[in-house]
Structure formats: structure tokens, C-alpha cells
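*Asks:* how does the following fold in three dimensions:
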Amino acid sequence: MTSSASPRVDDLPRRRGTSFRRVLTGSMAGAVLEWYDFAIYGVLAATVLGPLFFPGESDIIKLLLALATQGIGFIARPLGGIVFGHLGDKFGRKPMLVTTFLLLGTSTAAIGLLPTYEQVGVWATLLLVLLRLTQGFALGGEFGAAVLMVSEYGEPKRRGFWASWPQAGAPLGTVLATVVVTTIALVFPGDAFDQWGWRLAFLVALPLLVIGFWVRRSVEESPVFQAAQERAAVQPENAPAATTPRRSSVLEALRNPRPVVHGLGMRLGENIAFYIYTVFVIAYATTYFGYERGDVVLAVTFASAAQFAGMIGGGAWSDRVGRKKAMLVPSVLLVVWAPLFFVLVQQESLPLLWLGTCVGAFLHGMLAGPEAAWITELFPTRRRYAGSSLVFQGSSIIAGAPAPFIAVWLIDSFGVGMVVGYLVVTMLITVIAVATSKETRGSDLDRVE
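*Replies:* Now for the predicted structure:
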């Protein structure tokens, strides 16, 4: 018996047909929880968490520290990507899907139980940092597992569409977060919300954790991974290195750096654009202009709905025209839109604020939608989890983590022009990365190289 007799993913239609809905639901549950946590922290960091967990006289310093703590969570993401990426390529996608989800949900809910700086002093700050690091570590493996499971189960001809759904967990999580915060603020207004009502927003993670864990436990292992394991089990001892798994899929991905570099370049501007249009805009509009917090949060909520539509539409479009074209068009438009966005916000007009955030978020969605399938298709099975995690999480620490902090610091120190330049330059890097990359639509995920 030879490796050519081993089953391929396309030989397993029954398993895909009976399990794909559970795969998609489980992957979406993790993605929504991931971005719910991110959006909740972003909204509350700009309004509540600074005074509660960071001492000081200056409101700007408190805001910067709160946003910096948000960024601290990203420090552990590459480590989580390395650890879970290696384990996921060795032992399977499903165990990582369950483990990362449990870590993420429990650490998010625990933030809602933390004492404040006034109650226990610096311990409150340290515990918040520790939980953010735990979240980051879990997130490092969570998103890669979710995207891979959907991509490796989904119909190849519609891979861009299906893989965009875990991506769309970002706007769905943001919408859920803003709805939860708005509802709690209405039920417990004023001091009640600032003192303890905000805790309920983090504790909402508990029911999401229970539902998501139940769904994910029922999901079968990726048929692509199972086929790769069966091929490895029957290959002859003198098989070429290309078909023989190495000790570390992470090191193997780094030994073949071209797809990793292209992925990081593409994600640089995309990541920063996301945080500008969904997190920084809240602090920017409420701190420097006369916008009410509720008005800005509502604008971000509708912008997230536009972003969701952009992601699903962009993923489906990439199945028709290819990943490269589908990502290049919105990335160029985001370069053009960057200065226009800030001009609109500065008019102190709610309709123009809505226009700026909704268009920016929609274009970002069009760019990010095809990204999941594209990154998945860059790597062969034996290093796909590790390679995609390096791209997703490596870009998070160099782009996503510092983006809100850098934007606030730039505008406070040098004015809005520097923030515009920051966004434009990083988006141009994304344009170059996409333009110089290869087309991946139609790639065989069952390939050995």
C-alpha cells in the first residue's frame, strides 16, 4: 500500500455534509467571543476602565494606559500561535479548537470579577494584565483553528465565502458588545454603570462559553488533517522530505518565509485600519470633539454591520475573481479613504461620522473577507496551522496591538496629520504585499507542498 491510496478530503463528502454546519457554528462561536471581548474592552477602555484600574491625574494618561493594556493582550498572541500552531499540526485542529475556547471564555468572564485599583491597589492592575495575557495566549491559537476547520471542511469552489464567516465574527462580536454595553448602560445609568454595571458586559462571556463549548465538542476532526495523518502513517521510510512531517511545523514555516512575509505585509494595513475604524474612533471622537459616547458607539455598531456585509461579500467575490483582485481593490480604496475619514469626523456632524465609519468599515470588510481563505491556501497541510497562526498573530503584535495606542499618542503629540500618514503608509504596504503575491484561488488544501 502506498500513500497514493490514502483518502483525500474530496473522498469524504459524507463527513463534510454531516458535520459542516457544526464546524461553521463552532468556529463562529469562538470568533464572536474573541471579538466580543476585544470590542468590550475597547469600548470600556475608552470610557470606564482607565479610572478604575490606573491611577493618575490626566485623563489622556489613563486612556493611554487602558489602551496599552489592551495591546498587552496581543503580546502573548504570537506565543499562543506558536504553541497551538505546532500542537494543531501534530495532534489535530479539534483539540486546539476546544482548549483555546475554554481559556478565552474563562479569562474574559474573570475580568468582570476583578477588584479595582481603589480596592486592592496595584494588584488590580496586575491581575488585569495577567488576564489580558491569558486571553492573548488563547487567541493566538483560536482564530487559526477556527479558520482552518472551516476552510478544510468547506466546499473548495466556495472556500472564500465559507472562510469569510469566521472573519465576520469580528463585526458580529462588535455589534454584540455595543448592544450589551448600551443595554446595561440604559438599565444601570450613571454611577451604577461606572462602578459595577460594566462587569456584566464581561460576564456575558459565560453563556457564550457554555454554548460554544458544547458545539465544538461535537465537531469531528478536519478530514484534510485526517487524510494527511493517514498518508504519513503509510508512507515508506525512504519517502522524500516533502512528504515527511518534521519535528516543528513552526520552524518549517519559518524556513519557507515567503508566504509568511506576504501574509504579514498584507495584514499590516488591514489590522491597523480595523482598529482605527472600530476602536480609535471612539476615543478620538469623544475626547477631541463634541460627540456623545452613545452616539459614537451606535455609529460603530452600524459600521460593524457594514463590515460584516463587506466580509461576506468580499469572500464570495474572491471565489469569482480570485483572492488577489478581491483584496487589491479595497486595499487601494482604503488608502484613498483614510484622509477623507478624518475630515468627515472633524465636522462634528453625526451623519458624516456615520458615513466615515461605515464606509471605512465596509472597505475593511471587503479586504478582510477573502483574507482567511488566502492565508489558508498559502500553506500545505503539515504546516498550515503554524504558518497561518504566525501570519494572523504575528501581524497582531506588530500592527493591531499598538495601533490604538500609537494613534492616540500621535494625535496628542503631533496632530491628526500624523495619524492619517500612519494609516496611509501602512495601507500602502498592504497594497504592495497583495500586488506582489501569488493567486491562490483553487489551491488544493490536500497537497503535501
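
*Asks:* can we go C-alpha only for contacts and neighbour counts from here?
*Replies:* Noted.

*Asks:* what comes up buried for stretch 318-333?
*Replies:* 318-319, 322-328, 330-333 (16 or more other CA atoms under 10 Å).

*Asks:* and of the residues you listed, the nearest to residue 119?
*Replies:* residue 331 (46.7 Å; CA to CA).

*Asks:* doesn't residue 429 make contact with that closest one?
*Replies:* No - between residue 331 and residue 429 there is no contact under CA atoms under 8 Å: 9.7 Å.

*Asks:* about what we covered before: how about the buried residues of stretch 318-333 in TSV, adding pLDDT?
*Replies:* What follows is those, written out as TSV (pLDDT from 0 to 100):
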residue	pLDDT
318	96
319	95
322	95
323	95
324	95
325	95
326	96
327	97
328	96
330	97
331	97
332	97
333	97
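
*Asks:* Throw those into TSV and include distance to residue 259 and secondary structure, thanks.
*Replies:* Formatted as TSV, those follow (distance: CA to CA, whole Å; DSSP: H, G, I helix; E, B strand; the rest coil):
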residue	distance to residue 259	secondary structure
318	19	helix
319	20	helix
322	17	coil
323	14	helix
324	14	helix
325	17	helix
326	18	helix
327	16	helix
328	17	helix
330	21	helix
331	19	helix
332	21	helix
333	24	helix
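
*Asks:* residue 360 and residue 256: what is the separation?
*Replies:* From residue 360 across to residue 256, the span is 34 Å (CA to CA, to the nearest Å).

*Asks:* who's more crowded, these two?
*Replies:* Shown here are residue 360 and residue 256; by other CA atoms under 10 Å, residue 360 has more neighbours (26 against 12).

*Asks:* tell me which residues touch the more buried one, please.
*Replies:* Applying CA atoms under 8 Å, 6 or more residues apart in numbering, we find residue 360 in contact with 273, 277, 334, 337-338, 341.

*Asks:* repeat for residue 221
*Replies:* 92-94.

*Asks:* how about the helices in the stretch 1-150 of the chain?
*Replies:* 13-44, 50-53, 59-91, 93-111, 117-120, 122-153 (DSSP state H, counting those that start in this stretch).

*Asks:* doesn't residue 322 make contact with residue 441?
*Replies:* Yes - in this structure, residue 441 is within contact of residue 322 by CA under 8 Å, at 5.5 Å.

*Asks:* let's have the helices of the stretch 1-150 of the chain in TSV, adding mean neighbour count, mean pLDDT and distance to residue 349.
*Replies:* Output for the helices of the stretch 1-150 of the chain, formatted as TSV (neighbours: other CA atoms under 10 Å; pLDDT from 0 to 100; distance: least, CA to CA, whole Å):
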stretch	mean neighbour count	mean pLDDT	distance to residue 349
helix 13-44	22	72	21
helix 50-53	22	77	27
helix 59-91	23	75	24
helix 93-111	22	86	35
helix 117-120	14	84	37
helix 122-153	25	83	35
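
*Asks:* need those in CSV (columns: distance to residue 181).
*Replies:* Listed next are those as CSV, based on distance: least, CA to CA, whole Å:
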stretch, distance to residue 181
helix 13-44, 8
helix 50-53, 16
helix 59-91, 18
helix 93-111, 15
helix 117-120, 22
helix 122-153, 19
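
*Asks:* lowest-confidence one in the contacts of residue 360?
*Replies:* Minimum pLDDT for the contacts of residue 360 is recorded at residue 277 (89).

*Asks:* give me the neighbour count for that one.
*Replies:* By other CA under 10 Å, neighbour count at residue 277 equals 23.

*Asks:* what of residue 438?
*Replies:* Residue 438: 14 neighbours (other CA under 10 Å).

*Asks:* residue contacts, it?
*Replies:* residue 324.

*Asks:* also residue 275?
*Replies:* Applying CA under 8 Å, 6+ apart, the residues contacting residue 275 are 400, 403-404.

*Asks:* dump those residues to JSON lines, plus distance to residue 433, neighbour count and pLDDT.
*Replies:* Below are the contacts of residue 275 laid out as JSON lines (distance: CA to CA, whole Å; neighbours: other CA atoms under 10 Å; pLDDT from 0 to 100):
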{"residue": "400", "distance to residue 433": "17", "neighbour count": "24", "pLDDT": "75"}
{"residue": "403", "distance to residue 433": "19", "neighbour count": "27", "pLDDT": "84"}
{"residue": "404", "distance to residue 433": "23", "neighbour count": "26", "pLDDT": "78"}
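
*Asks:* between the residues you listed, which is nearest residue 88?
*Replies:* residue 400 (23.9 Å).

*Asks:* pretty sure that closest one contacts residue 267?
*Replies:* No - between residue 400 and residue 267 there is no contact under CA under 8 Å: 9.1 Å.

*Asks:* find the nearest non-adjacent residue to residue 26, please.
*Replies:* Counting by CA to CA, 6 or more residues apart in numbering, residue 26 lies nearest to residue 216, which is 5.0 Å off, once chain neighbours are set aside.

*Asks:* for that neighbour, what are its contacts?
*Replies:* 22-23, 26-27, 94, 97-98.

*Asks:* which of the helices or strands spans it?
*Replies:* helix 205-217 (DSSP states H and E).

*Asks:* so what does whichever helix or strand comes after that helix touch, helix or strand wise?
*Replies:* Scanning forward in sequence from helix 205-217 by DSSP H and E, the next helix or strand is helix 223-234. Judged by 3 or more CA pairs under 8 Å, 6 or more residues apart in numbering; DSSP states H and E, helix 223-234 is in contact with helix 122-153.

*Asks:* now the angle from the helix it packs on to helix 223-234?
*Replies:* Counting by axes from the mean of the first three to the mean of the last three CA atoms, to 10 degrees, helix 122-153 points 80 degrees away from the direction of helix 223-234.

*Asks:* and helix 122-153, how far out from the chain middle?
*Replies:* Put simply, helix 122-153 sits 10 Å off its chain's centre (CA atoms, centre = their mean, to the nearest Å).

*Asks:* what lies in contact with the helix or strand just after it?
*Replies:* Scanning forward in sequence from helix 122-153 by DSSP H and E, the next helix or strand is helix 159-167. If you take CA under 8 Å, 6+ apart as the criterion, helix 159-167 is touched by 24, 27-28, 31, 143, 146-147, 150-151, 154, 311-319, 323, 368-374.
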